[in-house]
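1. my questions concern the predicted model and sequence given below.
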Amino acid sequence: MKRRTALLALALVPVLACAQEKPAAPAPAAKTAPAKAPKVRFKTTQGEFVVELNAEKAPLTVENFLGYVKKKHYDGTVFHRVIAGFMIQGGGFAVEGAKLVEKPVGKPIKNEGRNGLTNDLGTIAMARTNDPNSATSQFFINVQDNAGLNFPSNGGYAVFGKVVSGMEVVDKIKAVATGNKELVMRHPLTGESLTMPSPDVPADNVVIQAVTIE
C-alpha cells in the first residue's frame, strides 16, 4: 500500500575560556505523511467485496476512480465482460430495459502502468483501449496472475489496488455463465450509439448495486 534523527555533537570548552553561544540545531525535516489507502465496498447481486486502493503508487488513477465513486457512476452498472481464466471487467455499462448501454464518462487519464504494481490475482486495474492513456471509468479485477498485462507490455495496465475481503464473491462472479450479447457503445469521438456483439457477457446480469467509500 529510514529516517534518522541527526544528533548535535557538543565540543568540550577549555577551562576559563569565554563562553560562546552554540549554533542552534537544525530543525528536523518534516516527515511526509504516508499516502492514505482508502477502501471501497462493492455491493453486487452476487455479494459484497472490499478493495483497498493504493494512492501512493497510483495517485492519478485512485483520484479518478474515487471521482466516479463519489458521483455514483458505478451504481447500477454491470460486469459486462467475464473470462474465468483471466479477469472480470465492469464500470462502463448500465442496464436500460433489455439492453446494456455504455454510460457517459469524463476525460481519459494518464496511464500509471509503470508504477511497480503488477497484475496479480485479486488486484484491480484500469481497463482501456490499445492507447495506454485512454482509461476512463472501466476497471477489471484479475482472477489469476496476468503477467502479460504488466509494464512494459503496451505501456502496462495500471494496477491501483487489491481485493482485501470478499474474494469468494469475485470467484462467484468469474464462474457465472456467459454468452454472446449486444452492447450499446458510444463512439469515442462523436458520441454516436453503436450496437456491437460481445462474446463474454454474463447470461444473467451481475449488477453493481452500489460502490461506497469505507
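-> Now that the structure is in, tell me what you want to look at. Not measured: the values here are computed from a predicted model.
2. which other helices and strands does the helix or strand where Val40 lies contact?
-> In this assignment (DSSP states H and E), Val40 forms part of strand 39-44. Contact partners of strand 39-44 among helices and strands, from 3 or more Cβ pairs under 8 Å, 6 or more residues apart in numbering; DSSP states H and E: strand 47-53, strand 207-213. Backbone N, C-alpha and C define where each C-beta goes, glycine included.
3. if we go to 10 Å?
-> strand 47-53, helix 59-70, strand 77-83, strand 159-165, helix 167-174, strand 207-213 (3 or more Cβ pairs under 10 Å, 6 or more residues apart in numbering; DSSP states H and E).
4. got the CA positions of that strand in CSV?
-> Once non-C-alpha atoms are left out, strand 39-44 reads as follows in CSV (Å, rounded to 0.1, in the frame of the first residue of the first chain):
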residue,chain,number,x,y,z
LYS,A,39,-11.2,1.2,0.9
VAL,A,40,-14.3,0.9,-1.2
ARG,A,41,-17.1,-1.6,-0.8
PHE,A,42,-18.7,-3.2,-3.9
LYS,A,43,-22.3,-4.4,-3.3
THR,A,44,-23.3,-6.7,-6.2
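5. can you list the strands that that strand pairs with?
-> Its sheet considered, strand 39-44 pairs with strand 47-53 (antiparallel), strand 207-213 (antiparallel) by DSSP bridges.
6. out of those, which gets nearest to Phe160?
-> Closest to Phe160 of the strands paired with strand 39-44, according to Cβ to Cβ: strand 47-53, at 6.0 Å.
7. buried residues in the closest one, which are they?
-> In terms of neighbour count (16 or more other Cβ atoms under 10 Å), strand 47-53 has its buried residues at 49-53.
8. nearest residue to the middle of this protein?
-> Phe160 (3.5 Å; Cα atoms, centre = their mean).
9. quick one: that residue and Met126, what's the gap?
-> According to Cβ to Cβ, to the nearest Å, Phe160 and Met126 sit 7 Å apart.
10. where does pLDDT dip in this structure?
-> For the chain, the stretches with pLDDT under 70 are 1-35, 188.
11. need the contact list for the residue nearest to Ile109 when sequence neighbours are not counted.
-> Among residues not flanking Ile109 along the chain, Asn64 sits closest, at 4.8 Å (Cβ to Cβ, 6 or more residues apart in numbering). Taking Cβ atoms under 10 Å, 6 or more residues apart in numbering, we find Asn64 in contact with 58, 106-110, 112, 126, 135-137, 158, 160.
12. give the ChimeraX command for selecting the buried subset of those residues.
-> This is the ChimeraX syntax for the buried subset of those, where burial follows 16+ other Cβ under 10 Å:
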select :58,108,109,112,126,135,136,137,158,160
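13. ok, of the contacts of Asn64, which one's closest to Gly148?
-> Nearest to Gly148 out of those is Ala158 (Cβ to Cβ; 14.7 Å).
14. which ones are touching that closest one?
-> Going by Cβ under 10 Å, 6+ apart, Ala158 touches 57-58, 60-61, 64, 109-115, 117, 119, 124-128, 132, 135, 139, 149, 151.
15. same thing with Val101?
-> Val101 sits next to 92-95, 183-186, 193, 195 when contact means Cβ under 10 Å, 6+ apart.
16. ditto for Met87
-> By Cβ under 10 Å, 6+ apart, Met87 lies in contact with 79, 81, 119, 123-125, 127, 139-144, 146, 149, 157, 170, 174.
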